[in-house]
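S.K.: just the structure for this:
(2 chains)
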Amino acid sequence: MKNIYIKGSHGAHFTPTVNFNYETGICELKGESYLEDTIKFYYPLMEWIKNYIKTIKKELVLNVKLTYFNTSSSKCIIDILNILKAYEQNEGKVVINWYYNDKDEEYEDELEEIEDFMIETGLNINNVPYN
Amino acid sequence: MEKNKEKAKVLYDMYSFASQNTIISYTGPFDSQVLAVLAANIEYSLSKNPRIRKKIFKIFIELAQNISYYSLEKLDAGDGNEFGIGILIIREFDNHFTFATGNIVDSKKISPVIHKCETINLLDRDSLRQYKRKLRNLPPGIKGGGNIGLVQVALTANNPLDYKLIPLSEEQSFYIINIKIDK
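M.R.: Numbers count the residues shown, from 1 in each chain, chains lettered A, B, ... in the order given. Purely as a prediction, here's the structure:
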């Protein structure tokens, strides 16, 4: 297995920074997510996670620190969370930390989004404030 | 000569209308370069108010993407890509901002969108979130479109959608979305 590292960018579209490490089991997704072709970007990430689950079979920690994501991205995030939910149901260990800026005036909207992801997938997501 | 005067008058009327309380207005193709410039403009012109800036930015991305994908009027970029044409106006008033978009649509295909607008306006915030969760589980639309852009717009603005459909012919209508964002 290979690690994934994608450096985020903020141009005509916004690419999040991706850091998926199979040795530590820590997967980071941070920055802004608004892509020209959302599925094309997220599909390899989903495949990586499936592969990790199949071959490494250890704990997977997903750290999300997205300051902005559009609705297309949120659909792909749901797909990732559903893969992790299935892993958890098969005795896999999964930890999801979702970082939100509690200095941001709109952080209640962000908490609502996290709650929606939890309800929709049945996964537990830890809300972690940062600023 | 008279004709030129008339044209000048039309142009002036357009200008007076479009510039009243206006922060940003744009008419033309919604290609990714234009979207990037508009996005940068929003960041810049609303930098004094980060809360409003974030809301308007979120609304902008969803509505601009809708025009780009679904407007019937398209610009052929020549590289196999097509971009929808439409209009966008952001205005500021004493207690609120308005965000309006308009584009030509296929009269026969628009009814599900109008139905979605009607549904959105009937729902309170919790039901709207539930509706969003339901729609998010449906298969994706064009280019991974989430089917939930309009719902997200209503949630972000925390106001109902003011929408209108002006029939232009049997096949075409002009579809307008206007949303209020309180200060």
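S.K.: okay, CA-based contacts and neighbour counts for the rest of this
M.R.: Will do.
S.K.: where exactly do the helices run in chain A?
M.R.: A:38-55, A:71-89, A:107-121 (DSSP state H).
S.K.: pick the most buried one from these.
M.R.: The highest mean neighbour count among those, using mean count of other CA atoms under 10 Å in any protein chain shown, belongs to helix A:71-89: a mean of 20.
S.K.: what sits up against that one?
M.R.: Contact partners of helix A:71-89, identified using CA atoms under 8 Å, 6 or more residues apart in numbering or on different chains, comprise A:33-35, A:38-39, A:42, A:46, A:49-50, A:53, A:93-94, A:117, A:120-123, B:62, B:136-137, B:144-146, B:148-149, B:152.
S.K.: reformat the helices of chain A as TSV; add mean pLDDT.
M.R.: As requested, these are exported to TSV (pLDDT from 0 to 100):
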stretch	mean pLDDT
helix A:38-55	97
helix A:71-89	95
helix A:107-121	93
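S.K.: just grab the bridge partners of the most centrally placed residue in chain B for me.
M.R.: Closest residue to the average C-alpha location of chain B: residue B:101 at 3.3 Å, with CA atoms, centre = their mean. Residue B:101 has these beta-bridge partners by DSSP bridges: residue B:88, residue B:177.
S.K.: go through the worst-scoring helix or strand of chain B on mean pLDDT and flag the buried ones.
M.R.: None of the helices or strands of chain B scores lower by mean pLDDT, DSSP states H and E than helix B:2-19, at a mean of 81. Across helix B:2-19, burial judged by 16 or more other CA atoms under 10 Å in any protein chain shown covers residue B:18.
S.K.: so where do the strands sit in chain B?
M.R.: Applying DSSP state E to chain B gives strands spanning B:22-29, B:74-76, B:82-92, B:96-106, B:161-167, B:172-182.
S.K.: for chain B, what lies in contact range of chain A?
M.R.: Listed as neighbours of chain A in chain B under the rule CA under 8 Å from any CA of the partner chain: B:32-33, B:35-36, B:51, B:58, B:61-62, B:129, B:133, B:136-137, B:143-146, B:148-149, B:152, B:156.
S.K.: weed out the non-buried ones from those.
M.R.: By 16+ other CA under 10 Å, the residues of chain B next to chain A give B:32, B:35-36, B:58, B:61-62, B:129, B:133, B:136, B:144-146, B:148-149, B:152, B:156 as buried.
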